[in-house]
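What would the 3D arrangement of this be:
(chains A and B)
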Amino acid sequence: DAGVIQSPRHEVTEMGQEVTLRCKPISGHDYLFWYRQTMMRGLELLIYFNNNVPIDDSGMPEDRFSAKMPNASFSTLKIQPSEPRDSAVYFCASSFGRGLTDTQYFGPGTRLTVL
Amino acid sequence: GQQVMQIPQYQHVQEGEDFTTYCNSSTTLSNIQWYKQRPGGHPVFLIQLVKSGEVKKQKRLTFQFGEAKKNSSLHITATQTTDVGTYFCAGRYRSPNDMRFGAGTRLTVKP
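Residues are numbered from 1 along each chain as shown, chains lettered A, B, ... in the order given. Alright, predicted model coming up:
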């Protein structure tokens, strides 16, 4: 079975540019999570969806960040405009919600560098 | 707000020595999960603890959940170079997907 798929794996862009990160969750999973990982702040939950509906976006740092999940097999995280402090590894994870027993499966991550 | 504290931040050991990382929450957890992230990799699920006082073992790894369900530990016996990585705990609170990750403990092992 394919795991969580993320693209691109690496992204280098210049400040002010729009960045779009993509995620394909594991088929059948009904929860999708976006995380950001930096040395300074560790692993931060940005937003999560249940059945394609955003449930909690309190971790989204600013209005420059937006996330969508148009269907069960695809989600995007967009940063517009990007800034150097957005440089981080962005992980997507999915899970099958079974109450207390849902394990999150992480994708390989997208390493974003904003110059 | 709810927060999971994890210590130590770093641990450097000689191969063969033991290693322990601890997580603590100020409020009761529904369950706690442990993940391992290899350098350059992504977090990978190791185990979940649900019951008060639960102890689970995976080969050289021993996981414990406190009686009050506010703390947990991961102990590795006789570390090997393959144990290198960052170990995260993730505490789940009442809301089914209100999960908070600890800051992680980065383990390095000297051969």
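
center of the chain, which residue is that?
I'll assume chain A. residue A:34 (3.0 Å; CA atoms, centre = their mean).

was after chain B, sorry
Central residue of chain B (CA atoms, centre = their mean): residue B:89, 4.1 Å from the mean position.

who's in contact with that one?
Residue B:89 is in contact with B:4, B:6, B:21, B:23, B:32-35, B:72, B:74, B:101-102, counting by CB atoms under 8 Å, 6 or more residues apart in numbering or on different chains. Any C-beta I mention is one placed from the backbone N, CA and C, and that applies to glycine too.

I'd like the next helix or strand past the helix or strand of chain B with the lowest mean pLDDT.
Here the helix or strand of chain B ranked lowest by mean pLDDT, DSSP states H and E is strand B:99-101, holding a mean of 84. As assigned by DSSP states H and E, the chain's next helix or strand after strand B:99-101 is strand B:105-110.

Can you tell me what sits against that next one?
Strand B:105-110 has contacts (CB under 8 Å, 6+ apart) with B:6-15, B:19, B:21, B:76, B:79-81, B:83-87.

coming back round to it: tell me the contacts of the residue nearest to the centre of chain A?
Residue A:34 touches A:23, A:45-48, A:67, A:75, A:77, A:90-92, counting by CB under 8 Å, 6+ apart.

got a winner among those residues for most neighbours?
residue A:92 (29 neighbours; other CB atoms under 10 Å in any protein chain shown).

where's it, which helix or strand?
Applying DSSP H and E, one finds residue A:92 within strand A:88-95.

tell me the mean pLDDT over that strand?
Within the predicted structure, the mean pLDDT of strand A:88-95 is 95.

Is there proximity between it and chain B?
Yes - legend: contact between strand A:88-95 and chain B by CB under 8 Å from any CB of the partner chain is shown at A:91, A:93, A:95.

tell me the contacts of the first one?
It stands for residue A:91. A:6, A:34-37, A:43, A:106-107, A:109, B:42-43.

Apply 10 Å and report the result again.
Residue A:91 sits next to A:4, A:6, A:21, A:23, A:33-37, A:43, A:45-46, A:104, A:106-110, B:37, B:42-43 when contact means CB atoms under 10 Å, 6 or more residues apart in numbering or on different chains.

repeat for the second one
Taking CB under 10 Å, 6+ apart as the criterion, residue A:93 is in contact with A:4, A:6, A:23, A:25-26, A:29, A:31-35, A:45, A:48, A:103-107, B:42-43, B:45.

ok so, going back, show me what secondary structure element comes after the strand holding residue A:92.
Counting by DSSP H and E, what follows strand A:88-95 is strand A:105-106.

what are the pairing partners of that following strand, and which direction each?
Strands that pair with strand A:105-106, judged by DSSP bridges, come out as strand A:88-95 (antiparallel).

Low-confidence bits of chain A, can you list those?
In the predicted model, chain A carries pLDDT under 70 at residues A:1, A:98-101.
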